[in-house]
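Peer 1: Provided below for reference: sequence and predicted model.
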Amino acid sequence: MDIIHWISDNQQVIYIIILMIFVGIEVIGHVPSVLHTPLMSGANAIHGVVIIGAIIVMGKAESDNYLALILGFLAVIVGTLNVVGGFVVTDRMLEMFSKKKK
């Protein structure tokens, strides 16, 4: 019975996580393999989920829980760096296939 109370207390968070899973699968499924290796796409999607999860943790944390706030903030920063880095690498890969300007 304890699990039923936990599910009912955290129903919105469960819905958000399920939605994040479907959006992540949809995004990864529509990335052409020419642009990303599967590893890079997976890492970017995972860190996108990390960013959302960290924001949720920071939003749910008490204002005096500095450990949760600091770890959430660091997770947002590191996840954002990885996602942006993936897009930078993709841009460099696309430049290799473009025609050289004279």
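Peer 2: Structure's in. What do you need?

Peer 1: Any stretches of the chain with poor pLDDT?
Peer 2: Low-confidence segments of the chain (pLDDT under 70): 1, 33-43, 45, 102.

Peer 1: For the biggest helix by length in it, buried residues please.
Peer 2: Secondary structure of the chain per DSSP state H: the longest helix is helix 66-97. Under the neighbour-count criterion of 16 or more other C-beta atoms under 10 Å, helix 66-97 has G72, A75, V76, G79, N82, V83, G86, T90 buried. Glycine gets a C-beta too; all of them are placed from N, C-alpha and C.

Peer 1: give me every residue that touches the residue nearest in space to the middle of the chain.
Peer 2: The C-alpha lying nearest the average C-alpha coordinate of the chain belongs to G48 (C-alpha atoms, centre = their mean; 1.0 Å). With contact set as C-beta atoms under 8 Å, 6 or more residues apart in numbering, G48 has these partners: G24, V27, G79, V83.

Peer 1: Just the element for the second one, please.
Peer 2: In this structure, V27 is located in helix 11-29 according to DSSP states H and E.

Peer 1: Which of the three states applies to W6?
Peer 2: Taking DSSP: H, G, I helix; E, B strand; the rest coil as the rule, one finds W6 in the helix state.

Peer 1: okay, now it: neighbour count?
Peer 2: For W6, the neighbour count with other C-beta atoms under 10 Å is 11.

Peer 1: got it, and the one 3 residues further on?
Peer 2: Neighbouring residues of D9 were enumerated by other C-beta under 10 Å; the total is 10.

Peer 1: The helix holding V27: how far from the chain's middle?
Peer 2: Distance, stretch centre to chain centre, for helix 11-29: 11 Å (C-alpha atoms, centre = their mean, to the nearest Å).

Peer 1: Tell me the buried residues in it?
Peer 2: Across helix 11-29, burial judged by 16+ other C-beta under 10 Å covers M20, G24, I28.

Peer 1: and stretch 2-17, how far apart are its ends?
Peer 2: End-to-end distance of stretch 2-17 (C-alpha to C-alpha, to the nearest Å): 21 Å.
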